[in-house]
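Visitor: Sequence first, then the predicted structure, then my questions.
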Amino acid sequence: MTQDRSPDESHDIDLLLASLRADMADTHAFLQALAVRLDGALPGQVEVERHGGLFSRDHSVKQIALDLGERRYRIADEGHGRLRAERTNVVRNIALKTEQLSVDEWLQSLAADLAGMAQRSERGRTALERLLLGRPPDA
């Protein structure tokens, strides 16, 4: 994956990552913020699973999964303040390798893949813009 990003784009991604890392002390707040940002940036590509049922008070984020084609990302709340972050390499819709990553490595890898998408397509650029700027999908 190429990492040729403009200085402004790199700075914006670094700021986003720093913002998300600041929420990592509270895993529930971190997952909630991440779910909102990713779902807004990549509508239809993000699956958010929440705790609780219809009558439950707790509807916090349990797991976030997103499919970027060649890569699938998943981050889940394992309880007691622990998160499990995974990246899966996919070829022809077959998962070849799943790696467990630290949350920081997961965020960096996701940001790099989104930046690569932005370079390859208008849709990818728009998704990265929405993620960085927090714009709704139709803005």
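Guide: That came in fine, so what should we check first?

Visitor: tell me, how many neighbours does V36 end up with?
Guide: 14 (other Cβ atoms under 10 Å). In short, each C-beta sits where N, CA and C put it, glycine included.

Visitor: Tell me, what's the model's pLDDT at it?
Guide: V36 is assigned 87 on the pLDDT scale.

Visitor: Checking it next. Helix, strand or coil?
Guide: helix (DSSP: H, G, I helix; E, B strand; the rest coil).

Visitor: ok, it to V61 distance?
Guide: 9 Å (Cβ to Cβ, to the nearest Å).

Visitor: roughly how far apart are the closest residue to G69 other than its chain neighbours and V61?
Guide: Among residues not flanking G69 along the chain, V90 sits closest, at 7.3 Å (Cβ to Cβ, 6 or more residues apart in numbering). Per Cβ to Cβ, V90 is found 23 Å from V61.

Visitor: Those two: which is more packed in?
Guide: V61 (22 against 16).

Visitor: Just want the most central residue of this structure.
Guide: L38 (5.4 Å; Cα atoms, centre = their mean).

Visitor: count of residues packed around R71?
Guide: The burial count for R71: 17, using other Cβ under 10 Å.

Visitor: sorry, back to before: contact partners for the residue nearest to G69?
Guide: Neighbour list for V90: G69, E70, R71, R72, L96 [criterion: Cβ atoms under 8 Å, 6 or more residues apart in numbering].

Visitor: can you check W106 too?
Guide: W106 makes contact with Y73, I75, A85, E86, R87, according to Cβ under 8 Å, 6+ apart.

Visitor: Out of those, which sit inside helices?
Guide: In helices, judged by DSSP state H, none of the contacts of W106 are found.

Visitor: filter those to the buried ones?
Guide: Neighbour counting by 16 or more other Cβ atoms under 10 Å classes Y73, I75, A85, R87 among those as buried.

Visitor: out of those residues, which are inside strands?
Guide: Judged by DSSP state E, strands contain the following of those: Y73, I75, A85, R87.
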